[in-house]
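Undergrad: A structural model of the following input is requested.
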Amino acid sequence: MLNFILQRSAQAVVVLLLMSVLVFVAVYAIGNPVDILINPQADQTMRDETIARYGLDKSVAQQYLLFLKNALAGDFGTSFVYDSPALGLIFSCLPATLELALVAMLLSICIGVPLGLYAGYRPDGWSAKLIMGGTVLGFSVPAFWMGLMLILVFAVQLGWLPSGGRGETVAWLGAEWSVLTLDGWRHLLLPASSLALFRLALIVRLVRAGVREAIMADYVKFARAKGVSPLRVMLRHVLPNIMVPLVTVLGLELGTMIAFAVVTETIFSWPGTGKLVIDSIRTLDQPVVVAYLLLVVFMFIVINMVVDILYSMLDPRIRLGGRK
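TA: The predicted structure is shown next:
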């Protein structure tokens, strides 16, 4: 296990270095922030001072080497717009995105796994066909349209839930969390439901396919022949054997929700990292964009490592970092 973690850590360093080059060059090639930072009516002296202050007078290679040197010390640059550390800005918005993604994933798992088990165990029933038809809807409906429909029905028509914002928050571990208050949950349910729809459909189909494959195995037939109840068969024999592919998808989808919840956060005015990055792209706030993309790369590396470790815990036949 230790050998595996060391190998993956070394790979992570190489991946981060390569991605930092690609991200830095790509982001710094999309436009010149000077056109936004400096008033068009400013004189040349003021323009030169501003360009020199942000280091934009250097070549891209020199800017990257300076960025890499500072990043190794934990400094990912200062935001052009907010005049504060880029990483600090991202971390200040990260709790909102984390709780939104985690609640959405929790909804997807708690609803999708039972529905997938049922649809896989009784595939010919009308309710199972209705469930699978609903997954087609989940895959087909765009996230922005679903968000607008949820607002129209539950916020405008029924008035049960607020249409946007984060609601009341409570400070914990140095960050503000809305999941710790009742008002925060009222604000969280609509965006989390909108974000969970696609993942819910994905989990239902994945679990159903796994159940249809596992239920034909000899160990399941033997358990049913012994008179084991269907619920016990599903929970003790079928579900553990479909967890490996399920954990893979859940891990990647959680990372995707954290990294790219931009549409949902924009529709529901949720103050997360997605909204921050969209605003930064509009204003060409390059340090914030670069820091965010590198943080996303690092997050996916960590998630993949955790998923691989969970493999060995779920299936003892899997060995990490060793030979067969």
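Undergrad: Could you pull out the helices in the stretch 1-150 of the chain for me?
TA: For the stretch 1-150 of the chain, applying DSSP state H, counting those that start in this stretch gives helices covering 2-27, 34-37, 44-53, 60-72, 86-121, 126-140, 143-150.
Undergrad: a markdown table for these, including distance to I267?
TA: (C-beta placed from N, C-alpha, C; glycine too.) What follows is these, written out as a markdown table (distance: least, C-beta to C-beta, whole Å):
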| stretch | distance to I267 |
| --- | --- |
| helix 2-27 | 25 |
| helix 34-37 | 25 |
| helix 44-53 | 35 |
| helix 60-72 | 33 |
| helix 86-121 | 12 |
| helix 126-140 | 17 |
| helix 143-150 | 4 |
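Undergrad: and the host helix or strand of A223, how far from the chain's centre?
TA: Element membership of A223, judged by DSSP states H and E, is helix 218-225. Offset of helix 218-225 from its chain centre (C-alpha atoms, centre = their mean, to the nearest Å): 38 Å.
Undergrad: next one: stretch 141-155
TA: Distance, centroid of stretch 141-155 to centroid of chain: 20 Å (C-alpha atoms, centre = their mean).
Undergrad: Endpoints of that stretch, how far apart?
TA: Start and end residues of stretch 141-155 are separated by 20 Å (C-alpha to C-alpha, to the nearest Å).
Undergrad: Residues contacting that stretch, please?
TA: Contact with stretch 141-155 is made by 160-164, 190-191, 193-195, 197-198, 263-264, 267-268, as judged by C-beta atoms under 8 Å, 6 or more residues apart in numbering.
Undergrad: ok, W185 - how many residues close by?
TA: Using other C-beta atoms under 10 Å, W185 has 16 other residues around it.
Undergrad: Is it correct that it is in contact with V170?
TA: No: contact criterion C-beta atoms under 8 Å: W185 and V170 do not qualify, at 11.7 Å.
Undergrad: H187 versus the closest residue to L180 other than its chain neighbours, what's the distance?
TA: The shortest distance from L180 to any residue other than its chain neighbours is 4.1 Å, reached at V170 (C-beta to C-beta, 6 or more residues apart in numbering). Distance, V170 to H187, by C-beta to C-beta, to the nearest Å: 13 Å.
Undergrad: Which one's more surrounded, these two?
TA: The residue with more neighbours, out of V170 and H187, is H187; 23 against 12, by other C-beta under 10 Å.
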